[in-house]
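Chemist: The following block contains a protein sequence and its predicted model.
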Amino acid sequence: MKKLLSVLLCFTLALCLLSGCGGSKENTLVVIDSRVAEGKIILQMAKMLVEKNTDLKVEIKDSMTAPNSYTELLEGRADMMLSYDGTLLTTLLHLDPSDVPEGMSLYDFTNQTAMEQDKTRLLDKVGINNTYTIAVTEEVMNQYNLKTISDLAAVSDQLVFGAEHEFFDDEGSMKFKPFCEFYGITFKDSKSVDLNLKYAAVESENLDVTVVYATDGLNIKAGLKILEDDRSFFPEYNGAILVRDDVFERFAEQAPNLEDILNELGGRFTNESMTELTYRVDVQGEDPKAIAEEQLKAWGLL
């Protein structure tokens, strides 16, 4: 009897797999979640729009570092992530802004290169330029009368710099060592801290200087003051959904208008509007999913 039950169970499971019980991957768009609030909001919006307007389900997998997320795309374990043209160029394609031909935008060159090399591409820019920028505490800014990063370089040997681990690694040229070399900076000390602890370290006065993203709501909470990148070290970081180029062909039957649906998010944000939304997540503790739904309804997309 036990043997018969085992056979029946195996047969039933096989039928489920064939018929799509539990959700077939052929009908599922797999997304790698973002590590930051703005990415979480945008990807929740994408999920809601896709599930409302197509026959697809969207699975959002746990967040990873940008290189690991990109590897998931390249190896076919995911279809989509949120990225930035500057990240794609420098961290994922290992190129520099100086490689962009004259007369061609960083976004267009990056997309062209990604398609040729990896068969990936960015969709329409969502409207934010979440570039890296250097920030100091208000006390440090006032004490040294700082306005630009060049001003910072002149007094850097008296200050402690800290940033998340990724800013100190060797993946890409827009990181700590090239930055210091470019501006001639030598800090009194530099500390690698967990991303989630960075702002706490600033508020407890363990750090004088850090690197931040332009649209991070935590900049407001921590009272950080942005310094002008007066020599233009950091490139643009225009946010956009990054996809495997084959995703639209693979889902042509279930979602023939998938690209148009995802591009509904194109140009919807500004740095100011996104900073307000990330503040609500990172400081006020609101749910990115709830914010995404509220904003889509405000735009008339849900």
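Modeler: Cool, the structure landed. Numbering: from 1, shown residues only.
Chemist: How about the secondary structure of residue 162?
Modeler: Assigned by DSSP: H, G, I helix; E, B strand; the rest coil, the conformation of residue 162 is strand.
Chemist: now the nearest residue to residue 64 once chain neighbours are set aside, which residues is it bridged with?
Modeler: Here the nearest residue to residue 64 in space, its sequence neighbours aside, is residue 32; by Cβ to Cβ, 6 or more residues apart in numbering that works out to 6.2 Å. For glycine as for every other residue, the C-beta is placed from the backbone atoms N, C-alpha and C. Judged by DSSP bridges, the bridge partners of residue 32 are residue 61.
Chemist: Run through who's touching stretch 159-176.
Modeler: Residues outside stretch 159-176 that contact it (Cβ atoms under 8 Å, 6 or more residues apart in numbering): 65-67, 86-87, 90-92, 94, 96, 132, 136, 140, 152, 177, 187-195, 198, 201-202, 206-211, 233-235.
Chemist: and if we set it to 7 Å?
Modeler: Stretch 159-176 is contacted by residues 65, 67, 86, 90-91, 94, 96, 132, 140, 187-195, 198, 201, 207-211, 234-235 when judged by Cβ atoms under 7 Å, 6 or more residues apart in numbering.
Chemist: re earlier: what sits against the residue nearest to residue 64?
Modeler: Residue 32 makes contacts with 61, 63, 64, 69, 72, 78, 81, as judged by Cβ under 7 Å, 6+ apart.
Chemist: quick one: which of those residues is nearest residue 283?
Modeler: Minimum separation from residue 283 among the contacts of residue 32 (Cβ to Cβ) is found for residue 63, which lies at 19.5 Å.
Chemist: hmm, back to that, select only the buried ones of the contacts of stretch 159-176 in ChimeraX?
Modeler: A single ChimeraX command selects the buried members of these (16 or more other Cβ atoms under 10 Å):
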select :86,90,91,132,140,187,190,193,198,201,207,208,209,210,211,234,235
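Chemist: Give me the subset of the contacts of stretch 159-176 that lies in helices.
Modeler: Secondary structure from DSSP state H places 67, 86, 140, 198, 201 of the contacts of stretch 159-176 in helices.
Chemist: Isn't the last one up against residue 207?
Modeler: Right, the one you point to is residue 201. Yes: applying Cβ atoms under 7 Å, one finds residue 201 in contact with residue 207, separated by 4.8 Å.
Chemist: how about stretch 267-286: buried residues?
Modeler: Within stretch 267-286, the residues that qualify as buried by neighbour count (16+ other Cβ under 10 Å) are 268, 269, 271, 274, 275, 277, 278, 279, 280, 281, 282, 286.
Chemist: what mean pLDDT does it have?
Modeler: What stretch 267-286 shows for mean pLDDT is 94.
Chemist: same thing with stretch 118-134?
Modeler: Stretch 118-134 shows a mean pLDDT of 95.
Chemist: from the chain's centre, how far out does it sit?
Modeler: Stretch 118-134 has its C-alpha centroid displaced from the chain centroid by 8 Å (Cα atoms, centre = their mean, to the nearest Å).
Chemist: now swap in stretch 73-90 and tell me
Modeler: Distance, centroid of stretch 73-90 to centroid of chain: 9 Å (Cα atoms, centre = their mean).
Chemist: What helix or strand is the residue nearest to residue 233 when sequence neighbours are not counted located in?
Modeler: Spatially, and ignoring its direct neighbours in sequence, residue 233 is nearest to residue 182 (5.1 Å; Cβ to Cβ, 6+ apart). According to DSSP states H and E, residue 182 maps onto helix 176-183.
Chemist: That helix: which residues count as buried?
Modeler: By neighbour count on 16+ other Cβ under 10 Å, the buried set for helix 176-183 is 176, 179, 180, 182, 183.
Chemist: all helices of this structure, in order?
Modeler: Using DSSP H, the helices of the chain run over residues 2-19, 37-53, 66-74, 85-87, 106-118, 138-144, 149-155, 176-183, 198-203, 218-221, 247-250, 258-262, 271-282, 288-298.
Chemist: Lowest average confidence across these, which one?
Modeler: helix 2-19 has the lowest average pLDDT among the helices of the chain, namely a mean of 45.
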